[in-house]
Every structure is written in structure tokens, then in C-alpha cells.
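Trainee: Pasted the sequence and its predicted model underneath.
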Amino acid sequence: MAKAKKTNVLRKLDQQKIPYTEMTLPEDSTPHSSEEVAEVLGINPDQQFKTLVTHGKSKKHYVFLVPVNHELDLKLAAAAVGEKNIHMIAQKDLEPLTGYIHGGCSPIGMKKAFPTVIDATAQNYKTIIFSAGKRGFLVEAPVNELGKVIAQLDFADIIAKKN
């Protein structure tokens, strides 16, 4: 299989000499959710994180990473960044704001650096898996090195409790 073209995510990891592993979905697979991606690639969904972009009451933007098999708790997320409340941005606003399309959004290499919070469960793993900047292309990188490529990085309990 041919290697995928380098994305901004991989270039930034290379610049900081952060080791990573690339993962590409097979061309014949068409998963419809991040959880299905984890299943197709045979990876732990608790270790695979989706990137969510929000805006607060202050009009500031924030990025949150949560495991693909969980939902973001908006109240916990707002508290983590010191906002009264936050909301998901409209899908149509994602690419103009971040440079990424829905399904290919990465916390690394956005047009502008936003405060980023990764769910605290990520600290249970040496590495986490997240989008490498385009649909069907993921990267696995060490959790403890992400602060080198994600400005204003923090960890907090931000996932909704399952009933």
C-alpha cells in the first residue's frame, strides 16, 4: 500500500521529532462513525479520540478531544476552560475556522491555535490515536509529547457519563 501524502499534522510532529504511527483506512471500507473506524482498524475506541470544536459565551473557540465511544459533556467542558457555557460550532464553520473538514479535523495544524483540552482518560495510555488531518487517515502519538505541538494544552474530565 502506498504511503499517504504528508499532512500538516505529520509535518508538525516531524518538526518536533515526535514519534508517530500512521493509520489509513482500507479504500474498500466506508465506516460511518469514529467507532466504526476503530472497529475496522482493530484499535481500542477508548484510545482513539475525536476532535470537537466549540465556542464559548465569550466568543472564544476551544478544541476538545474525547474518546470516540463517548460524548463531550458541555458543562464539564465549559468549566474546564472557565466559560459559563459552550456550544459546538456549526459544521459549515469548521473548515473556514480550522482548515479541516468534518471527519478530518485534528488538534494539530489548525489555521489558528486554540486552547485544547483532552479528556483525562488519555493519560491512561502512552499513546492516543486521532485524525491526521484528513478523512480516513489517523495518527498514533505519545500523549506526553503533544504539548510540543498543541499550544495551550490541558487535560480534564470532560466526557458525559453514560447512563
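Mentor: Alright, I've got the coordinates. Numbering: from 1, shown residues only.
Trainee: How are the helices of the protein distributed by residue range?
Mentor: Shown for the chain, the helices assigned by DSSP state H span residues 8-15, 34-41, 74-80, 91-98.
Trainee: buried set for the second one?
Mentor: Neighbour counts using 16 or more other C-beta atoms under 10 Å place 34, 35, 37, 38, 41 of helix 34-41 among the buried residues. Yep, even glycine has a C-beta here, placed from its N, CA and C like the rest.
Trainee: Check stretch 44-63 too.
Mentor: 45-56, 61-63.
Trainee: repeat for stretch 6-19
Mentor: For stretch 6-19, by 16+ other C-beta under 10 Å, it's 7, 8, 9, 10, 12, 13, 18.
Trainee: Of these, which is the nearest to residue 93?
Mentor: For the buried residues of stretch 6-19, the minimum distance to residue 93 (C-beta to C-beta) is 19.3 Å, reached by residue 8.
Trainee: OK, contacts around the closest one?
Mentor: 99, 106, 108, 109, 133 (C-beta atoms under 8 Å, 6 or more residues apart in numbering).
Trainee: Filter these down to just the buried residues.
Mentor: 99, 106, 108, 109, 133.
Trainee: State the phi and psi torsions of the second one.
Mentor: Same thing as residue 106. phi -120, psi 150 (degrees, to the nearest 10).
Trainee: now it: how far from residue 114?
Mentor: From residue 106 across to residue 114, the span is 12 Å (C-beta to C-beta, to the nearest Å).
Trainee: quick one: low-confidence parts of the chain?
Mentor: Residues of the chain that meet the criterion pLDDT under 70 lie in 1-4, 30-32, 163.
Trainee: in it, which residue is closest to the centre?
Mentor: Nearest residue to the geometric centre of the chain (C-alpha atoms, centre = their mean): residue 51, 3.0 Å.
Trainee: doesn't residue 129 make contact with it?
Mentor: No: between residue 51 and residue 129 there is no contact under C-beta atoms under 8 Å: 11.6 Å.
Trainee: how about the buried residues of stretch 6-19 in JSON lines, adding distance to residue 118?
Mentor: Formatted as JSON lines, the buried residues of stretch 6-19 follow (distance: C-beta to C-beta, whole Å):
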{"residue": "7", "distance to residue 118": "19"}
{"residue": "8", "distance to residue 118": "19"}
{"residue": "9", "distance to residue 118": "15"}
{"residue": "10", "distance to residue 118": "19"}
{"residue": "12", "distance to residue 118": "16"}
{"residue": "13", "distance to residue 118": "16"}
{"residue": "18", "distance to residue 118": "15"}
